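Visitor: Quick one: sequence and predicted model below, then my questions.
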Amino acid sequence: MKKLSRTRTVLILSFLVIVWGVNWPLSKLALDYIPPLLFAGIRTVLGGIVLLIFALPRYQQLRLRETWHLYLISALLNIIIFYGLQTIGLSYMPARLFSTIVFIEPVLLGIFSWLWLGEAMYGLKVIGLILGFAGVAIISRGGFTGDISAIGIFLALKSAIGWGLGTVFVKKTGNCVDSIWMVTMQLLMGGIFLLCVGSSIESWSSIE
């Protein structure tokens, strides 16, 4: 695989950070016009369909019979738990506070990677994890005013755990599946599940 230049890497990461940051208030705003599970299902299925265009030329690398369970587990962690609970949780709390709690995920990821990927846990990394946790706590503290939703906090933490476990799982199985097919299949499988559940407990007529 061709190594990206430092400049290109910084540009790509900067673009990702900006888009990811804008995503939270937009998602919060969207919940005024569409129920959460249907919203999560629609957005992930549409994303899967777009990626399917790029994945189909690599159909020989799908190997669904051998790898379907890997796609299913990834869909459970990264789409159903992470996106599903995230979208529901945003309806209980301000986007700023909710997203801050969810972003305890890098701290969890450092621990999960040490436990299940065998990545080294040295002193500097431990200090970084502690500082990361302290940063999340300090930022979150400013949002704990007025009525705080215990359900919202619970969903944010569960979403962060699902995201962290999902990231480790994708990393651990990276040599077994094609990366584009992994993302495509987890979006489609998880999105279809969310749409099915959303259709059973939410109303399509509520969508504006």
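Guide: In hand now; what should we look at?

Visitor: And the lowest-mean-pLDDT helix or strand in the chain, what does it pack against?
Guide: Counting by mean pLDDT, DSSP states H and E, the chain has its least confident helix or strand at helix 123-141, which shows a mean of 75. On a contact count with 3 or more CB pairs under 8 Å, 6 or more residues apart in numbering; DSSP states H and E, helix 123-141 meets helix 95-102, helix 105-116. Quick note: C-beta positions are derived from backbone N, CA and C, even for glycine.

Visitor: Quick one: work out the angle between the very next helix or strand once past it and helix 123-141.
Guide: Heading C-terminal from helix 123-141, the first helix or strand you meet, by DSSP states H and E, is helix 150-172. If you take axes from the mean of the first three to the mean of the last three CA atoms, to 10 degrees, helix 150-172 sits at 150 degrees to helix 123-141.

Visitor: What are the buried residues along helix 150-172?
Guide: 152-153, 155-170 (16 or more other CB atoms under 10 Å).

Visitor: again, but for stretch 197-208
Guide: Buried residues in stretch 197-208, counted by 16+ other CB under 10 Å: V197, G198, E202.

Visitor: Could you point out which residue ranges in this structure have low pLDDT?
Guide: Applying pLDDT under 70 to the chain flags the ranges 1-3, 136-137, 139-148.

Visitor: longest helix of it?
Guide: helix 6-30 (DSSP state H).

Visitor: Save the helices and strands packed on helix 123-141 as CSV, and put in mean neighbour count and distance to L62 too.
Guide: Converted to CSV, the helices and strands packed on helix 123-141 look like this (neighbours: other CB atoms under 10 Å; distance: least, CB to CB, whole Å):
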stretch, mean neighbour count, distance to L62
helix 95-102, 21, 31
helix 105-116, 18, 26
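
Visitor: Tell me which of these approaches L77 most closely.
Guide: helix 105-116 (11.1 Å; CB to CB).

Visitor: so how far is that closest one from its chain's centroid?
Guide: In terms of CA atoms, centre = their mean, to the nearest Å, the centre of helix 105-116 is set 15 Å apart from its chain centre.

Visitor: Dump the C-alpha coordinates for it into CSV.
Guide: Taking Å, rounded to 0.1, in the frame of the first residue of the first chain, the C-alpha atoms of helix 105-116 are listed here in CSV:
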residue,chain,number,x,y,z
GLU,A,105,-13.9,6.2,23.1
PRO,A,106,-10.2,6.9,22.3
VAL,A,107,-9.5,6.2,26.0
LEU,A,108,-11.4,3.0,25.8
LEU,A,109,-9.8,2.1,22.5
GLY,A,110,-6.3,2.4,24.1
ILE,A,111,-7.3,-0.1,26.8
PHE,A,112,-9.1,-2.5,24.4
SER,A,113,-6.1,-2.4,22.0
TRP,A,114,-3.8,-3.4,24.9
LEU,A,115,-6.1,-6.2,26.0
TRP,A,116,-7.1,-7.7,22.6
